[in-house]
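Engineer: any chance you can model this:
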Amino acid sequence: MNRFISRMIRAAKLEADLYEEVEADTTALPQAMAVVVLSSLSAGIGAMSLKSEFSLLSLTISSLIAWFIWAYIVYFVGVKILPGPETKSDIGELLRTIGFSSSPGVIRVVGIIPGLYNLVSLVAQIWMLMAMIVAIRQALDYSSTGRAILVCIIGWFIQVLFYMFIFMLFLRPRLG
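Structural biologist: The predicted structure follows:
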């Protein structure tokens, strides 16, 4: 347990060595998944101050699905479209590193304090984005942070298009 917590703290501190460590540790996938679950549960608990209708279970499941989709998008964009000279990666490496980049998200639990949810959520989102950039840079062996940022931007755009397609296909009201 101490190793897991230590890894989460190091991930939140944006330590590049941590992302290299979990990239290489093929046994770290359950830990990465646990980070995603803890981060999503923290977000759900923090959102309780909003007194909105939500389900911790559905939030957790959707976070896990989004994590998988994001890893595949990053793999496609970062390895197939924008590889660097040293880029060699696989889905497992990306799942592990991107999973740990969710570590800063656990601060969202503080959002349960009335009036703090929006601020804490914004800080967590920015912090997780910074961690994800470090994670992608390390997992894809990029020499520049700019390329990792570009992968995030392109990946985000592809993800938005994907979710818009899913929404149009399954969630739009049926006519007639």
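Engineer: pull out the buried residues from the helix or strand hosting R96.
Structural biologist: Take DSSP states H and E as the rule and R96 turns out to sit in helix 91-100. Neighbour counts using 16 or more other CB atoms under 10 Å place 92-100 of helix 91-100 among the buried residues. Backbone N, C-alpha and C define where each C-beta goes, glycine included.
Engineer: for the helix or strand bottoming out on mean pLDDT in the chain, which outside residues touch it?
Structural biologist: Within the chain, confidence by mean pLDDT, DSSP states H and E is lowest for helix 56-75 among all helices and strands, at a mean of 88. Contact with helix 56-75 is made by 33, 36-37, 39-41, 43-45, 89-91, 94-95, 98-99, 102, 136, 139-140, 151-152, 155, 158-159, 162, as judged by CB atoms under 8 Å, 6 or more residues apart in numbering.
Engineer: try it again with 6 Å
Structural biologist: 36-37, 40, 44, 91, 94-95, 98, 136, 155, 158-159 (CB atoms under 6 Å, 6 or more residues apart in numbering).
Engineer: let me have these in CSV, extended by distance to G84.
Structural biologist: Putting those into CSV (distance: CB to CB, whole Å) gives the following:
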residue, distance to G84
V36, 26
V37, 31
S40, 31
G44, 37
I91, 18
L94, 15
L95, 20
I98, 18
I136, 11
G155, 16
I158, 19
Q159, 22
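Engineer: of those, just say which sits nearest to T26.
Structural biologist: Nearest to T26 out of the contacts of helix 56-75 is L95 (CB to CB; 10.8 Å).
Engineer: state the distance from L14 to L150.
Structural biologist: Going from L14 to L150 by CB to CB, to the nearest Å gives 19 Å.
Engineer: again, but for V35
Structural biologist: From V35 to L150 the distance is 25 Å (CB to CB).
Engineer: now do E21
Structural biologist: 25 Å.
Engineer: which residue ranges of the protein form helices?
Structural biologist: 2-12, 16-24, 29-46, 56-75, 91-100, 117-139, 145-166 (DSSP state H).
Engineer: how about those helices, which one is nearest I81?
Structural biologist: helix 145-166 (7.5 Å).
Engineer: angle of the closest one against helix 117-139?
Structural biologist: For helix 145-166 against helix 117-139, the angle between stretch directions is 120 degrees (axes from the mean of the first three to the mean of the last three CA atoms, to 10 degrees).
Engineer: which strands and helices sit next to helix 145-166?
Structural biologist: helix 56-75, helix 117-139 (3 or more CB pairs under 6 Å, 6 or more residues apart in numbering; DSSP states H and E).
Engineer: list the contacts of the last one.
Structural biologist: By that I understand helix 117-139. Residues contacting helix 117-139 (CB under 6 Å, 6+ apart): 14, 16, 19-20, 23, 46, 49-50, 74, 89, 93-94, 97-98, 101, 104-105, 107-108, 110-111, 145, 148-149, 151-152.
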